[in-house]
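S.K.: the following block contains a protein sequence and its predicted model.
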Amino acid sequence: MRRSLNEIAGVLTKAAGGAGLALGLAEDVARAGVWLTRSGLDGVGAAARAIGEVQGPGRFTDHCRMVAFRGARAAHDGPSAVDLLLAGSRAESVVLAPIDEPLLVLGLAGVAAEESGVALAVEMAGLGRIVVGPAGPAKGEALARLLDGEEAGRASLTLSRHHGPMSEAIAGMAVRGGGAEVAEAVWARLALLAARTLVPADENSRQRGAGAGDIDND
């Protein structure tokens, strides 16, 4: 069924929260999923896989100009990896090895590139280098192999700033609007996770915080 980008953003945010992610991380995952969808990629599927079995973050190590997350979780560690590169830290590269959902990291990098104007490079062992700019991920063999999905859960991924010609960063896919087709099974799983954020619709829950009390100003 076709879903609008607003629908996708709302359900992904609630589903990520229902799976146990903090609100800020849930919003990061949702925005990455929407960015991928706008680029013509399976952003909903990538986000659903990343939050479907949410576990704790990977083991963090700091090696001067290189930071590493071992046993990395895209939903937990991906936002931190992108922030480290763009927030003025000394880190020149961030390694996520292995990473459970590399496509979501691509989306997180895309959101950051769109907001900051700084292109990022995603390098994966055995796949090659993907430049992610504001217009989307640059098309090529590396992206095609990533979309095959064979590397998920065992790929070593390195994020860094892109220092090459900007022409590489803007040769991405055309940004699309109007939503996307989403598999019903995937949407149903997300809806179940999103439902965990709801409270019972009864008088007791209303009095204890679900909406107003006796008057609207409560």
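M.R.: All right, it came through fine. Treat the numbers as computed from the prediction; the structure is a model and nothing was measured.

S.K.: buried residues in stretch 34-49?
M.R.: Applying a neighbour-count criterion of 16 or more other Cβ atoms under 10 Å, one finds 34-39, 41-49 buried in stretch 34-49. For glycine as for every other residue, the C-beta is placed from the backbone atoms N, C-alpha and C.

S.K.: pLDDT on the helix or strand containing Leu108, on average?
M.R.: Element membership for Leu108 (DSSP states H and E) is helix 102-116. Here helix 102-116 scores 92 as its mean pLDDT.

S.K.: next SSE downstream of it?
M.R.: strand 120-124.

S.K.: related to what we said a few turns ago, okay, angle between the helix holding Leu108 and strand 120-124 too, please.
M.R.: If you take axes from the mean of the first three to the mean of the last three Cα atoms, to 10 degrees, helix 102-116 sits at 170 degrees to strand 120-124.

S.K.: show me what helix 102-116 is packed up against.
M.R.: Applying 3 or more Cβ pairs under 8 Å, 6 or more residues apart in numbering; DSSP states H and E, we find helix 102-116 packed against helix 23-38, helix 43-52, helix 74-86, strand 120-124, strand 128-133, strand 136-137, helix 141-147, strand 155-161.

S.K.: return the most buried member of these.
M.R.: Mean neighbours per residue, mean count of other Cβ atoms under 10 Å, is largest over the helices and strands packed on helix 102-116 for strand 136-137, with a mean of 28.
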